[in-house]
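Novice: Mind folding the following:
(one chain, ligands or ions: 4)
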Amino acid sequence: MEVLGACPLDCPDACSWVVTVADDGRAVELRGNKHHPVTRGALCVKVNRYLEQVDSPDRIRYPMRRVGRKGEGRFERITWDEALDEIAERLTGIVDEDGGEAIWPFHGTGSLGYLQGLEGLSGRRFFNVLGASLHDPTICSISGSLGLKYTLGTSGGMDPEDFPQSKLIILWGTNPLTTGHHVWKFIQDSGAYLVAIDPVRSRTADRCDEHLAPLPGTDAALALGLMHVIVSLGAEDREYLAEHTEGWPQFRERLAEYPPDRVAEITGLPAERIFALGERIARTRPTAIRASQGMQRHAGGGMALRTLACLPGVTGDWGIPGGGLHYSTSGHFRLNESALARFDLLPHPVRTLSMTRLSEGLLEAKDPPVRALFVIAANPVASNPDQSTVIRGLSREDLFTVVLEHFPTDTVDYADIVLPATMQPEHLDVVAAYGNMYLAWNEPAVDPPGECLSTTETFRRLARHMGLTEPSLYDSDEDLARQLLEGHDLDRLRREGFLRVEPQPVPAGKLQFVSARAAAAGHDALPTYIPPADTGDGLVLISAASHYFVNSSFGSNPELRRRAGEPQVTIHPGDAAERGIADGAKILVYNERGAFEAIALVSDRVRPGVAATTKGRWMRFSHGPTVNATIAERDSDFGGGAVYHDNRIHITLR
Ligand SMILES: Nc1nc2c(c(=O)[nH]1)N[C@H]1C(S)=C(S)[C@@H](COP(=O)(O)OP(=O)(O)OC[C@H]3O[C@@H](n4cnc5c(=O)[nH]c(N)nc54)[C@H](O)[C@@H]3O)O[C@H]1N2
Ligand SMILES: Nc1nc2c(c(=O)[nH]1)N[C@H]1C(S)=C(S)[C@@H](COP(=O)(O)OP(=O)(O)OC[C@H]3O[C@@H](n4cnc5c(=O)[nH]c(N)nc54)[C@H](O)[C@@H]3O)O[C@H]1N2
Ligand code: SF4
Ligand SMILES: [Mo]
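Specialist: Ligands and ions are numbered 1, 2, ... in the order given. Down below sits the predicted model:
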């Protein structure tokens, strides 16, 4: 039997897959759906091993209670009834004493599913009835999305299926050959001239015609400089500017402040190359920009995307198929998310806690303090900034922590109760891509192992144990899917496995060079350059996506770990020589926040002044702290995003 499913991982592609189930009810094959226009039959190096994960001997199969100290990772098996009774009793006590806001449902990106994962904030109805704190998923893409909204009125940009019509494609702070490779087909089909802008020569940069390596966090200045060149050549699209934009005269004055010489100083790029790229953009229609989350993990990350989105406004590319900017397609989906989350069930307004600021929430929140933490599809010990402070927060003896998981992660070690969660072939879900225009349906294909339960079922049972009477807490998964997909052809989606949605117009209304909304939020009314926050000496360490893991997911898979090798830090030959570091040396990477061990890779893949490693390592396989021990729990400019790449470090031999 073949069953249609969808990849739930935090990846732009949302692949549609086919699970082959044998007569004994076991899944024997999981492969890409040939009919899906983006998946085209291929998954990726990680998800090709998904069934290994499903059948892994490490899978958490039963509820467990902590027996050792927090962090020791010692647990005993208990029954679901025991687990739910204990959780119900603890939550009831906490709500009575401190109110519901003392509970923090901490949703991660392990599953982007609307029913079981982040997009629908699975379990949120239950938490609303208790009046729990809201959780703002700030860790990933929020700064860029808000930046785009200031300029475009929407964060949904170009449809990447239009890339084949582009003549020039700028891959700006994005590494799709690692982070969502299906878009590459459209980029390659274009035959366009490809330019990569990335401080690191990534897999993607390797395949481009040209690579510019600016200093990290300087993209807004570069974009302003390129627009300066375009205007100095008289190549701005006056008709587009007059009809479709607002604030051009003021923005034009801002551009005058960024001539190539000044931009060269800020970005560390030669002025000639800035001029040459500006000139190329000036004469090439349509020009498309692919920019993604990596480049906005900086102090000025939101402003960077806001500024980049102006470029196709100056050239008129927003008005041409194959022109514009593609960051995320999420803004194009019109799903009824509020019907799922049901914030109307909240008894009163409640505070919001930021995902990026977990340690602050655990250690400093007052009135009330956080007393119960539910970790749902997240691994904050491995993935959040400021690892050692996060651990200090999770170690609080008076904190009641429940972790819903597949695997015994670094975070599970700090749980009081661990609940075994189903994986994608074992539950119903709906996924929307953020890198293309397709919704995907995930039909359950197999029975879960042991006593694993889906997130939806876990919260239905917990509601029953707490005696909650709100009827919508007991809606079935199919009910939930219908509520979410109101106005869409659910039956067709289910039958075919995917459904294309039509893109909304971009910009939504006139493009705003001057943004009253940005000004009202306390930002510059005009796009500008915001320099990195972590200044001083030391190298800037970028910890971008690993080819072999998705964040910390797959971080325990033996074969993927073997391929990834030991944690590595790439250093430019000049910087390495200055520090007496040879290729392959064992090094200690440190700053005032923390330190981690790695192997030095001396290579000109990074520009001078920059070092590079990857995210997603587990502490238990790294023999101690990981890169996230060095990262500040600090907000970016817009929306309180994370600043992983705005990170200065020192390196010494170990
Ligand atoms: N294999 C794999 N795929 C993934 C993930 C993974 O962990 N592994 N993670 C998923 C998730 S959660 C996300 S959000 C997406 C992210 O997708 P991407 O945005 O493509 O991923 P990153 O690797 O974070 O960053 C892309 C590039 O930005 C560069 N960069 C960093 N700082 C700057 C800067 O200041 N300026 C410029 N121009 N470039 C900069 C990095 O060097 C990196 O090569 O990928 C998803 N896909
Ligand atoms: N240094 C550095 N760190 C980073 C980044 C970076 O660029 N640099 N990027 C950040 C980004 S972009 C992101 S999005 C965050 C992600 O950080 P997190 O949201 O913490 O994501 P993961 O680390 O993948 O952990 C997800 C966990 O969810 C579990 N899981 C998966 N599916 C399910 C499910 O259906 N149910 C349940 N209960 N559990 C499930 C997985 O087993 C996994 O352990 O990491 C951030 N961390
Ligand atoms: S991780 Fe991305 S590329 Fe890999 S199967 Fe999932 S959606 Fe497709
Ligand atoms: Mo992310």
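Novice: If you count neighbours, what's buried in stretch 592-604?
Specialist: For stretch 592-604, a neighbour-count test (16 or more other Cβ atoms under 10 Å) marks 593-598, 600-602 as buried. Any C-beta I mention is one placed from the backbone N, CA and C, and that applies to glycine too.
Novice: Out of the residues you listed, name the ones that lie in strands.
Specialist: 595-598, 600-602 (DSSP state E).
Novice: what's the closest non-adjacent residue to the residue in the stretch 451-600 of the chain that ligand 3 sits nearest to?
Specialist: For the stretch 451-600 of the chain and ligand 3, the shortest gap (Cβ to the nearest ligand atom) falls at Val550, measuring 5.8 Å. Excluding the flanking residues, the one nearest Val550 by Cβ to Cβ, 6 or more residues apart in numbering is Leu9, at 4.8 Å.
Novice: Pick out the residue nearest the middle of the protein.
Specialist: Cys140 (3.7 Å; Cα atoms, centre = their mean).
Novice: how about it, secondary structure?
Specialist: Classification of Cys140 by DSSP: H, G, I helix; E, B strand; the rest coil places it in coil.
Novice: May I see the buried residues of the helix ranked longest in the chain?
Specialist: In the chain, taking DSSP state H as the definition, the longest helix is helix 80-98. By 16+ other Cβ under 10 Å, the buried positions in helix 80-98 come out as 80, 83-84, 86-88, 90-91, 94-95, 98.
Novice: my guess is the residue nearest to Val550 contacts Ser553, does it?
Specialist: Yes - if you go by Cβ atoms under 8 Å, Leu9 and Ser553 touch, sitting 6.4 Å apart.
Novice: residue ranges for the strands of the stretch 501-650 of the chain, please.
Specialist: Here the stretch 501-650 of the chain has its strands, by DSSP state E, counting those that start in this stretch, at 511-512, 539-544, 568-571, 586-590, 595-602, 610-614, 648-653.
Novice: Can I get those in TSV including mean pLDDT and distance to ligand 1?
Specialist: Shown next, in TSV, are these (pLDDT from 0 to 100; distance: least, Cβ to the nearest ligand atom, whole Å):
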stretch	mean pLDDT	distance to ligand 1
strand 511-512	98	22
strand 539-544	98	3
strand 568-571	98	10
strand 586-590	98	17
strand 595-602	98	14
strand 610-614	98	6
strand 648-653	98	14
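Novice: what's near enough to touch the residue of the chain found nearest ligand 1?
Specialist: Proximity of the chain to ligand 1 (Cβ to the nearest ligand atom) peaks at Gly294, 1.8 Å away. Going by Cβ atoms under 8 Å, 6 or more residues apart in numbering, Gly294 touches 173-175, 179, 544-545, 645.
Novice: Which residues of the protein lie near ligand 1?
Specialist: Within the chain, the positions near ligand 1 by Cβ under 6 Å from any ligand atom are 10-11, 109, 140-141, 172-175, 178-180, 197-200, 202, 216-217, 219, 292-295, 298, 542, 544-547, 549-551, 615-616, 645.
Novice: Quick one: residues contacting Arg297.
Specialist: Arg297 touches 636, 641-646, counting by Cβ under 8 Å, 6+ apart.
Novice: That one and ligand 3, how far apart?
Specialist: For Arg297, the distance to ligand 3 equals 19 Å [Cβ to the nearest ligand atom, to the nearest Å].
Novice: thinking again about what came up before, give me the packing partners of the longest helix of the chain, helices and strands only.
Specialist: strand 64-66, strand 103-107, strand 372-376, strand 400-405, strand 417-420, helix 455-465 (3 or more Cβ pairs under 8 Å, 6 or more residues apart in numbering; DSSP states H and E).
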